[in-house]
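Enquirer: I'll drop the sequence and a predicted model, then ask my questions.
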Amino acid sequence: MPSLVVRSLISVTLAASTLLAEQEEQTRSFPSPDGIFALKVSVVGEESADAKLEVIENASGKVVGDLGTDYSSIISDLKVVWSADSKRFAYRTAGLKQWHTKVYFWDGSAFKDVPLPEDLPSPEIKFGKSDGGGGVKNYGGGEAPARWLKSGDLELLSQLTEMARASSRTYTATLTVTIGFDAQDHAAVKSVTKSKTRLDLEP
């Protein structure tokens with residue numbers, strides 16, 4: 001009888017441990033250059049669809065920026081770009097077919113959302129001569145932060161990937177968009193490079 005009780009206790013303990021493991025919080029942290037702040041991304045449980053994003057003050061753990069939620073897939077491929085003075089950062093949102101860049105500025109007490117211009121320039125794919133006439137399959141695209149310039153401007157890398165149905169070849173086009181910010185933190189497009197197209201996949 002005692003051995004049966006022991007086996008039962010072990011089973012209960014293992015089940016509880018498994019449940020706790022499934023509910024464990026997956027986290028990634030992206031510290032600012034000065035180490036004062038960090039963008040924290042957390043997902044509770046393997047089956048969760050949402051990731052929580054927040055900026056914390058490292059010394060106190062205080063939340064100084066509530067960025068809301070995004071798809072949980074963001075935790076594995078999130079790209080964060082901090083400015084050198086740790087007062088600004090940008091990150092790429094999740095999404096398989098469409099993604100965007102979010103920007104936040106420090107206002108002295110918290111990080112605030114700074115909207116980017118709508119309808120940002122996007123690249124144009126130049127298909128090979130044999131790829132016309134059959135239409136295309138859109139694999140998606142969007143813009144991601146590349147770097148902050150010394151001027152305070154932000155460079156974005158915009159990308160678009162499509163497959164030419166006539167040949168089943170896949171192409172990706174990219175261009176760089178430079179965003180400037182005025183004294184009131186309003187964003188505007190300052191410059192755009194020409195599109196560059198590369199052949200990604202031969203059939």
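Expert: Noted; the coordinates are in hand. Numbers count the residues shown, from 1 in each chain.
Enquirer: could you use CA atoms for every contact and neighbour count after this?
Expert: Will do.
Enquirer: and the residue nearest the centre of the chain, what are its bridge partners?
Expert: Nearest to the mean C-alpha position of the chain, counting by CA atoms, centre = their mean, stands Arg92 at 2.8 Å. On the basis of DSSP bridges, Arg92 is bridged to Thr101.
Enquirer: let me see the ranges of the strands in the chain.
Expert: 25-31, 37-44, 50-57, 63-71, 80-82, 88-92, 98-99, 101-106, 111-113, 136-148, 154-164, 169-181, 187-192, 196-201 (DSSP state E).
Enquirer: which stretches of this structure aren't confidently modelled?
Expert: 1-24, 46-47, 132-133, 201-203 (pLDDT under 70).
Enquirer: if I read this right, the residue nearest to the centre of the chain contacts Trp99, doesn't it?
Expert: Yes: contact criterion CA atoms under 8 Å: Arg92 and Trp99 qualify, at 6.8 Å.
Enquirer: quick revisit: a markdown table for the strands of the chain, including distance to Asp119?
Expert: A markdown table is the format used below for those (distance: least, CA to CA, whole Å):
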| stretch | distance to Asp119 |
| --- | --- |
| strand 25-31 | 28 |
| strand 37-44 | 27 |
| strand 50-57 | 25 |
| strand 63-71 | 21 |
| strand 80-82 | 22 |
| strand 88-92 | 16 |
| strand 98-99 | 13 |
| strand 101-106 | 12 |
| strand 111-113 | 18 |
| strand 136-148 | 11 |
| strand 154-164 | 12 |
| strand 169-181 | 12 |
| strand 187-192 | 10 |
| strand 196-201 | 19 |
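Enquirer: show me what contacts Leu120?
Expert: Val189 (CA atoms under 8 Å, 6 or more residues apart in numbering).
Enquirer: so which of the strands of the chain is nearest Lys129?
Expert: strand 154-164 (10.8 Å; CA to CA).
Enquirer: sheet partners, orientation included, of the closest one?
Expert: strand 136-148 (antiparallel), strand 169-181 (antiparallel).
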